[in-house]
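predicted model, plus sequence, below.
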Amino acid sequence: MAILILGIILFLGMHLIRVVAPDFRSRMVDKFGENGWKGIYSLLSIISLVVLIYGWAISPTINLWFPPTGMSHLTVTLMLLSMICLAAAELPAGHIATKTKHPMILGVKIWAFGHLLANGDLASLLLFGSFLAWGVILRIALKRRERAGLLTLRPFVSAKYDLIAVVIGAVIWALFIWKLHLWLIGVAPIPM
């Protein structure tokens, strides 16, 4: 469990650095250059993600509660919304991106909340609860930066990107339901 906690701290800590130390990125870019910093940040992110996944894999199953079977179905439904938000975050801004303001963060929060509903073990509580808390903290911090004029949101481009986000999100969601979740995570989202 300690390795899982370390992985969570490293991964989410790296992804909160812009919030707690907004000038840190610019100092690192000055020191290593844009591509150098992106390379270092990417490498550290991958290492922290590997630690997190390894910690998850070796954590003992300590059940805290037993969610009703229907929660997995609700989680599967929420994952469709999450995947659409994640897809919208990577496209030029449509209505989804402009209305949600930060679709990536919303997608992660939906993902974390949904998985908290369907999993009652300690490792799940730590992992998904941490990601949900990270999403809430980051969203609040970004809202404050926006109000202070330090952050400008992406302008609306076209509604066609909403349709593209829905299609891409639905395809990825269907792949996860079909086999991808089982192959990557080792658990079928809906036991067949």
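Here it is on my side, so go on. What you are looking at is a predicted structure, and each value in this text was computed from that prediction instead of being measured.

so who does the closest residue to Asn63 other than its chain neighbours touch?
Distances taken as Cβ to Cβ, 6 or more residues apart in numbering place Asp121 nearest to Asn63, at 5.3 Å, with adjacent residues excluded. (Glycine included, C-beta is placed from N, CA and C.) Going by Cβ atoms under 8 Å, 6 or more residues apart in numbering, Asp121 touches 61-64.

Leu6 too?
51, 55.

report the separation between it and Arg18.
For Leu6, the distance to Arg18 equals 21 Å [Cβ to Cβ, to the nearest Å].

stretch 67-78: how far from the chain's middle?
Between the centre of stretch 67-78 and the centre of its chain there are 19 Å (Cα atoms, centre = their mean, to the nearest Å).

buried stuff in it?
Using 16 or more other Cβ atoms under 10 Å as the test for burial, stretch 67-78 gives 71-72, 75-76, 78.

now these in TSV, with pLDDT?
TSV is the format used below for those (pLDDT from 0 to 100):
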residue	pLDDT
Met71	91
Ser72	90
Thr75	95
Val76	95
Leu78	97
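
can I have stretch 151-166 written out in CSV, keeping just the CAs?
Output of stretch 151-166 as CSV, limited to C-alpha atoms (Å, rounded to 0.1, in the frame of the first residue of the first chain):
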residue,chain,number,x,y,z
LEU,A,151,-5.7,32.3,-17.5
THR,A,152,-7.7,32.7,-20.6
LEU,A,153,-10.1,29.9,-21.7
ARG,A,154,-10.1,28.5,-25.2
PRO,A,155,-12.5,30.3,-27.5
PHE,A,156,-15.4,28.5,-29.2
VAL,A,157,-14.4,27.2,-32.7
SER,A,158,-17.2,25.0,-34.0
ALA,A,159,-19.9,22.6,-32.9
LYS,A,160,-18.5,20.0,-35.2
TYR,A,161,-15.9,19.3,-32.6
ASP,A,162,-18.6,18.3,-30.2
LEU,A,163,-19.8,15.7,-32.6
ILE,A,164,-16.2,14.5,-33.1
ALA,A,165,-15.7,14.3,-29.3
VAL,A,166,-18.9,12.3,-28.9
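
now that stretch: buried residues?
With burial defined by 16+ other Cβ under 10 Å, the residues of stretch 151-166 counted as buried are 161-162, 164-166.
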